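Engineer: sequence first, then the predicted structure:
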Amino acid sequence: QVPLVESGGGLVQAGGSLRLSCVASGRTFSSYARGWFRQAPGKEREFVAAISWRGDSTYYADSVKGRFTISRDNAKNTVYLQMNSLKPGDTALYYCAAGSSPSNYVRSYDYWGQGTQVTVSS
């Protein structure tokens, strides 16, 4: 059973917005830090954003700072990624993850979803 399930991806024009959701399945992750990563074809998985377990600290990659917002609702066991002013360079498969601390390193996260595709047309 996949512990995290992403949704909300799709095709959008440049300048548009999408909101990704990641629901925990089968267990609670309310005491875990959560992160969003993305991977474009032929490229390595890269950090996008992370949030502490309380939601009081957030971190962003420079490429998305000011455009993306990460948030969480522990009562719903869900983390969100609001993406505004999308660019073609944001096109990728977006993954959510859970780990012990809000790191920008892939290996810091123990649980992963299967990803949701975001495609931004020019």
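Structural biologist: Thanks, I have the structure now.
Engineer: residue 38 and residue 76, how far apart?
Structural biologist: 23 Å (C-beta to C-beta, to the nearest Å). In this view, the C-beta of every residue, glycine as well, is placed from N, C-alpha and C.
Engineer: so the one residue sitting closest to the centre of the chain bridges to which residues?
Structural biologist: Taking C-alpha atoms, centre = their mean, the centroid of the chain lies closest to residue 36, which sits 2.6 Å from it. With DSSP bridges as the criterion, residue 36 is bridged to residue 49, residue 96.
Engineer: and it, what does it touch?
Structural biologist: 20, 22, 48, 49, 50, 70, 79, 81, 94, 95, 96, 97 (C-beta atoms under 8 Å, 6 or more residues apart in numbering).
Engineer: which of these sits closest to residue 121?
Structural biologist: residue 94 (16.5 Å; C-beta to C-beta).
Engineer: residue 38 and residue 76: who's more crowded?
Structural biologist: residue 38 (23 against 12; other C-beta atoms under 10 Å).
Engineer: right, and the more buried one touches residue 95 too?
Structural biologist: Yes. When contacts are counted by C-beta atoms under 8 Å, residue 38 is listed as touching residue 95 (7.0 Å).
Engineer: okay, and the common contacts of those two?
Structural biologist: residue 45.
Engineer: sorry, back to before: tabulate the contacts of residue 36 (CSV), appending distance to residue 113.
Structural biologist: Compiled in CSV, the contacts of residue 36 are given as follows (distance: C-beta to C-beta, whole Å):
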residue, distance to residue 113
20, 10
22, 6
48, 13
49, 15
50, 15
70, 15
79, 10
81, 12
94, 9
95, 6
96, 5
97, 7
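Engineer: cool, thanks, signing off.
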